[in-house]
Every structure is written in C-alpha cells, then in structure tokens.
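>>> Need a 3D model of the following:
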Amino acid sequence: MGSKVAEIGIERGHEVFSGYAHNRPEYGVAIKLDLMDDSSLIDAVRDSQPEVIIHTAAMTDVDLCETNKKLAYRMNVLGTKTLAEAARNIGAFIVYASTDYVFDGSRGMYKEEDATDPVNYYGYSKLCGESHCDAVARTCVIYGSRTASGKVNFALWILERLRRGEAVKVVTDQCITPTLNTNLSLMALELAERKLDGLYHLAGSTRISRYDFAVELARTFGFEENLIIKSKMSEMRWAAKRPADSSLDTSKASKCLDAKPWGIEEALKTLKAEIE
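Okay, here's the model as predicted:
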C-alpha cells in the first residue's frame with residue numbers, strides 16, 4: 001500500500017517522503033526508519049516535518065505474529081505509539097492502516113461501530129495500534145500489480161501459479177472484501193488531504209470467498225479455472241486462527257468520500273490494465 005500511496009500522492013502534486021527499513025522506495029524522498037528503533041522514527045518525523053503521515057508499516061505475517069508475540073507488539077503497537085507521539089509533537093495528522101482481522105469473523109460485513117474481538121495476535125496488535133492515531137483505515141486482503149517490500153500479495157500469487165499451469169488450493173470457507181491498492185490509496189489519501197479523523201472501513205465493496213476471488217482472477221486474465229482446487233481452512237497448516245468472514249461494510253466510506261470503494265469487476269479491470 002505504501003508505494004502506491006506515494007506514487008499517487010506525487011501524481012497529485014504532494015511532496016512525499018517514503019519511510020523504509022530494508023527496501024529503498026521507488027517513489028518519494030527516501031527516509032530510513034525502523035519500527036523497532038524509536039529514535040529512527042522520531043528523527044524521521046522531525047527531519048521531514050510532514051503535515052500528514054499515512055502509516056502503512058507493520059509486521060503483517062499473521063503466523064509469525066502468533067509465534068513471536070513480543071516482536072509483533074513491539075512493531076505494531078509500540079512502534080505505532082512512538083510514531084503517533086512524534087506526529088503530535090509537530091502537529092501532524094496521522095492515518096493508520098489497520099485490518100479486518102480486528103473482528104472475530106463470526107458474521108461478516110462489519111461496520112465501524114461493531115464490536116471488535118480478534119481471534120489472532122496479529123489482529124490484536126493492530127487493534128492496539130488504532131487507539132494512538134487520528135484516522136484509522138481498516139482494510140482487507142490488499143492486492144496490487146506489484147510486490148510490496150518483496151512480498152507477493154494474494155492476487156499475484158494466484159496469477160503466477162496459474163500462469164505456470166500449476167494447481168493451487170484456495171479455501172472456500174473464508175469470506176473477504178479484497179481491496180485493490182490503487183483504490184485503497186485513493187481513499188486513504190482523501191482521508192489525509194481532508195484530515196478526516198475517526199474510523200473508516202476502506203476496502204473493496206464486494207464480499208466474496210477467497211476461492212471465488214481466485215476464480216474471478218482466472219477469468220479476468222484468461223487462465224484455467226480448473227487449476228483452482230477447493231479446500232477448507234481446517235486443511236491449512238496455519239499457526240494462527242483466521243476469521244471465517246471478516247468482510248467489511250464500506251457504506252460509510254461510500255457516503256463520506258469522493259473516492260468510493262470499488263466493486264470486484266472495476267478493481268480487477270484496473271488490475272489487469274496495470275499489469276499489462
């Protein structure tokens with residue numbers, strides 16, 4: 001998400017500083033920082049003097065967060081707290097990218113006012129980080145046309161397997177509202193530009209199972225659908241429990257923002273154009 005926010009921000013005429021820990025950013029003025037190092041966060045904010053910070057950095061490996069909770073708390077909670085305090089010290093507005101995993105997944109289509117109850121430590125750590133920031137942008141299964149910090153997103157993983165003619169198992173019993181990073185970045189930038197505080201669900205507007213999402217990807221890009229094999233979450237060797245239906249209701253964003261959440265058809269059409 002961070003790279004796409006920087007890319008679009010520059011296109012819109014903003015001066016953009018891009019924080020990084022390991023992979024030097026493609027867009028914006030590069031600023032070295034580390035969620036494990038408070039001084040690097042404080043120095044980065046002091047040196048760049050931003051008007052707004054869109055905080056997308058996090059430990060996002062769900063299973064690693066479960067097996068190394070101390071590290072997850074240090075990065076996702078304490079790192080966020082330090083960054084938010086540094087922002088307040090210079091009067092900067094901070095937008096925080098959070099997650100659908102703050103919910104237990106018992107029913108789906110969660111609204112901003114619904115009770116949170118994360119079933120894994122990743123969700124818990126991100127929920128703890130929310131309280132420190134001005135605006136919270138919860139999102140769900142971010143995907144895009146490029147890798148992010150060397151990590152392959154769900155859509156690119158599916159497409160690469162299909163491109164090689166390899167079968168891929170995808171669960172049918174987990175429902176999501178997958179979010180194209182271009183759409184997410186447009187919405188998050190609007191929160192930042194208008195300095196809209198509070199909680200917003202910024203995700204795709206289509207609720208769909210992971211399996212059906214994979215099928216839609218295959219259809220959009222002309223790959224063999226029969227390479228996508230149905231499976232269940234119970235068959236996955238995950239260290240952390242996943243919510244069965246963490247889909248997000250984006251009606252607040254649709255009502256409040258000029259940049260609306262996209263449906264799956266528009267999002268995949270845009271993804272195809274970006275890749276090609």
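>>> Start and end of stretch 13-30, how far apart?
With CA to CA, to the nearest Å as the measure, the first residue of stretch 13-30 is 17 Å from its last.
>>> Which parts of it count as buried, going by neighbours?
14, 16-20, 25, 27-28 (16 or more other CB atoms under 10 Å). (Each C-beta comes from the backbone N, C-alpha and C, glycine too.)
>>> what's the most distant pair in those?
The most widely separated members of the buried residues of stretch 13-30 are His14 and Tyr20, with 17.8 Å between them, by CB to CB.
>>> returning to that earlier point: among the buried residues of stretch 13-30, find me the one that's closest to Gly79.
The shortest distance between Gly79 and any of those, using CB to CB, involves Gly19 and amounts to 11.2 Å.
>>> Report the beta-bridge partners for that closest one.
Going by DSSP bridges, Gly19 is paired in beta bridges with Ile31.
>>> and Gly165, what is it in contact with?
With contacts defined as CB atoms under 8 Å, 6 or more residues apart in numbering, the neighbours of Gly165 are 224, 227.
>>> Adding distance to Asn89 and pLDDT as columns, could you present the buried residues of stretch 13-30 in TSV?
Putting the buried residues of stretch 13-30 into TSV (distance: CB to CB, whole Å; pLDDT from 0 to 100) gives the following:
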residue	distance to Asn89	pLDDT
His14	22	97
Val16	21	97
Phe17	16	96
Ser18	21	95
Gly19	17	92
Tyr20	22	90
Pro25	24	89
Tyr27	26	94
Gly28	22	94
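>>> What are the boundaries of the helices in the stretch 51-200 of the chain?
Read by DSSP state H, counting those that start in this stretch, the stretch 51-200 of the chain holds these helices, from start to end of the chain: 62-67, 69-73, 79-89, 121-130, 154-163, 181-194.
>>> Perfect, that will be all.
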